[in-house]
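> sequence? don't have it. structure:
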């Protein structure tokens, strides 16, 4: 596994134990077949819908 310092700023507004722990967040959402909130636009992130369909819709709106 690649080194992951978890020092990147977190753009996600959802409060959870994985916030600002990028590797844990990405691993969790990958396991759930979801996209982490930080991959969405600001508008899309605020819906808290982390589905792949929601991500595609968000990206086509941007």
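Here it is on my side, so go on. Note that the coordinates shown come from a computational prediction; the quantities given were computed from them, not determined experimentally.
> Could I get the contacting residues of the most centrally placed residue in the chain?
Centrality entry for the chain: nearest residue to the mean C-alpha point is residue 36, 1.6 Å, by Cα atoms, centre = their mean. By Cβ atoms under 8 Å, 6 or more residues apart in numbering, the residues touching residue 36 are 12, 25-26, 29, 50. (Glycine included, C-beta is placed from N, CA and C.)
> Leaving out chain neighbours, which residue sits closest to it?
residue 29 (4.7 Å; Cβ to Cβ, 6 or more residues apart in numbering).
> Is it correct that the one you found is in contact with residue 35?
Yes. Here residue 29 lies in contact with residue 35, judged by Cβ atoms under 8 Å, at a distance of 6.2 Å.
> Now the common contact residues for those two.
Common neighbours of residue 29 and residue 35 (Cβ under 8 Å, 6+ apart) are residue 50.
> Between the two, which has more neighbouring residues?
residue 35 (22 against 17; other Cβ atoms under 10 Å).
> Where does that one sit, in terms of helix or strand?
Using DSSP states H and E, no element contains residue 35; it sits outside every helix and strand.
> Now do the closest residue in space to it that isn't next to it in sequence against residue 36, distance only.
Spatial nearest neighbour of residue 35, chain neighbours left out: residue 55 (4.3 Å); criterion: Cβ to Cβ, 6+ apart. Going from residue 55 to residue 36 by Cβ to Cβ, to the nearest Å gives 10 Å.
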